[in-house]
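Undergrad: below are the sequence and a predicted model for it; my questions follow.
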Amino acid sequence: MSTPLRVASYTYEHTEALFDGRVPIEGAEAVFETAPLVSDIFRRTVEGRYDVAEYGLTYFLRTFDLDESPFLALPVFPNRNFRHSSVFVNTAAGIEKPQDLAGRTIGEFAMFGHDPGVWIKGIFSDEFGLTPDRSRWVVGGTDHPVPAFDWVPQPVPDGIDVRHAADGATLGAMLESGEIDALISVDVPQALLGGSKRIARLFPDYERVERDYYRRTGIFPAMHVVAVPRKLAERDDLMAAVYRAFHQAKEMAQQKYRDGARKQHMGVVTPWFSRHFEENRALLGEDWWPYGLAANRTMLDTFLRYHYEQGLSKHLLTSEDIIVPALLDT
């Protein structure tokens, strides 16, 4: 008898085959749901609407400080991105390197310690000695006001100055006006996209910086995992089936690009895409978006360390603490 499953994920190209039915979940009768904003999926996950759901790493980890943490994770990482490109500065603030952010006011999207923020703060601490307590923080929306997320724990360590942006204010406008000096955001400020000269990236040549970061560390930062309730996580066969389905859907998306290389990706509208694909393949390998714990342990344990060091976890967790037991050998 098939197990009914309510599954939620953003509609990425590497989840399309799940949504359109090309890849089924063996032994399950799965119904898939998405949302315009991925944070809506996170909130509904907290509300218990799903059996399997994409979940931001920091949102997921914050539940481990509750009396009973409700979720474990599959080693499936549907959203990942290099994060040096997520730091923006006011061009009049005189900020040219990460160390210049000491003593400055920095905006952060949504909350203190959103996933890109955890990554880049950790990198800044490791590589430049810049810890979060050396700056002031304002949280809010980049181009649209975002109220405080009252459905997720919001720990702020002692000694760190954090406030929420005023009602109706946006961090993008505050950065352009100079009210804040810098911004860490998953969203590129609209003013920058519109050609404003008052906002720039901290790392103008961010692709070179991020490629160098990968060469040195082997880390392709993940933002999200796929979470399941702990009771469901006890069903080893079902967890293996869910993992296989996500993996197969992702592999189908990657294979499309491998096959497209033969025809110089004529189906892609981006000029010189094949050259870019060759560069990525040479650096990241044949499986450039890996699932499974073995290929992601260093990345995941690094994020867990950052989360703890930034005061967002009470205890230093390991991969074994958070991954579904049946999938630890993936």
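TA: Perfect, I can see it now.
Undergrad: when you work out contacts or count neighbours from here on, use the C-alpha atoms and nothing else.
TA: Will do.
Undergrad: determine the longest helix present in the protein.
TA: Once the chain is assigned using DSSP state H, the helix that runs over the most residues is helix 236-260.
Undergrad: now do the helices in the stretch 51-200 of the chain.
TA: Listed in chain order, the helices found in the stretch 51-200 of the chain under DSSP state H, counting those that start in this stretch are 57-62, 115-128, 171-177, 190-193.
Undergrad: so can I have a markdown table of those showing mean neighbour count, mean pLDDT and distance to Glu234?
TA: Shown next, in a markdown table, are these (neighbours: other CA atoms under 10 Å; pLDDT from 0 to 100; distance: least, CA to CA, whole Å):
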| stretch | mean neighbour count | mean pLDDT | distance to Glu234 |
| --- | --- | --- | --- |
| helix 57-62 | 22 | 98 | 18 |
| helix 115-128 | 20 | 98 | 27 |
| helix 171-177 | 23 | 98 | 43 |
| helix 190-193 | 14 | 97 | 45 |
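Undergrad: for Thr105, find the nearest of those helices.
TA: For these, distance to Thr105 was read as CA to CA. The smallest value, 9.8 Å, belongs to helix 171-177.
Undergrad: so what touches that closest one?
TA: By CA atoms under 8 Å, 6 or more residues apart in numbering, the surrounding residues in contact with helix 171-177 are 89-90, 107-109, 139-143, 165, 180-183, 189-191, 198-199.
Undergrad: please apply the same query to stretch 296-313.
TA: Against stretch 296-313 from outside (CA under 8 Å, 6+ apart): 58, 61-62, 64-65, 113, 118-119, 122, 132, 155-157, 218-222, 290, 314-319.
Undergrad: among these, which are in strands?
TA: When strands are assigned by DSSP state E, not one member of the contacts of stretch 296-313 lies inside them.
Undergrad: which of these count as buried?
TA: When neighbours are counted using 16 or more other CA atoms under 10 Å, the contacts of stretch 296-313 contain these buried positions: 58, 61-62, 64, 113, 118-119, 122, 132, 218-222, 290, 317, 319.
Undergrad: next secondary structure element downstream of the longest helix of the chain?
TA: Secondary structure here is assigned by DSSP states H and E; on that basis, the next helix or strand after helix 236-260 toward the C-terminus is helix 273-284.
Undergrad: show residues contacting that next one.
TA: Counting by CA under 8 Å, 6+ apart, residues outside helix 273-284 touching it are Arg215, Ala261, Gln264, His265, Trp288.
Undergrad: can you turn the buried part of the residues you listed into a ChimeraX selection?
TA: The following ChimeraX command selects only the buried members of those, with burial defined by 16+ other CA under 10 Å:
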select :261,265
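Undergrad: and which of the contacts of helix 273-284 is nearest to Tyr50?
TA: Trp288 (28.6 Å).
Undergrad: what's near enough to touch the closest one?
TA: Shown in contact with Trp288 (CA under 8 Å, 6+ apart): Asn280, Arg281.
Undergrad: which pLDDT value belongs to it?
TA: According to the prediction, Trp288 has pLDDT 98.
Undergrad: now it, what's its secondary structure?
TA: coil (DSSP: H, G, I helix; E, B strand; the rest coil).
Undergrad: what about the residue nearest to the spatial centre of the chain, distance to Glu96?
TA: When CA atoms, centre = their mean is applied to the chain, the residue found nearest the centroid is Met223 (1.7 Å). Here the distance between Met223 and Glu96 works out to 26 Å (CA to CA, to the nearest Å).
Undergrad: and for Arg244?
TA: As defined by CA to CA, Arg244 lies at a distance of 45 Å from Glu96.
Undergrad: who has more neighbours out of the two?
TA: Arg244 (18 against 13; other CA atoms under 10 Å).
Undergrad: which residue packs closest to the more buried one, ignoring adjacent ones?
TA: Of all residues not flanking Arg244 in the chain, Ile25 sits nearest, at 7.8 Å (CA to CA, 6 or more residues apart in numbering).
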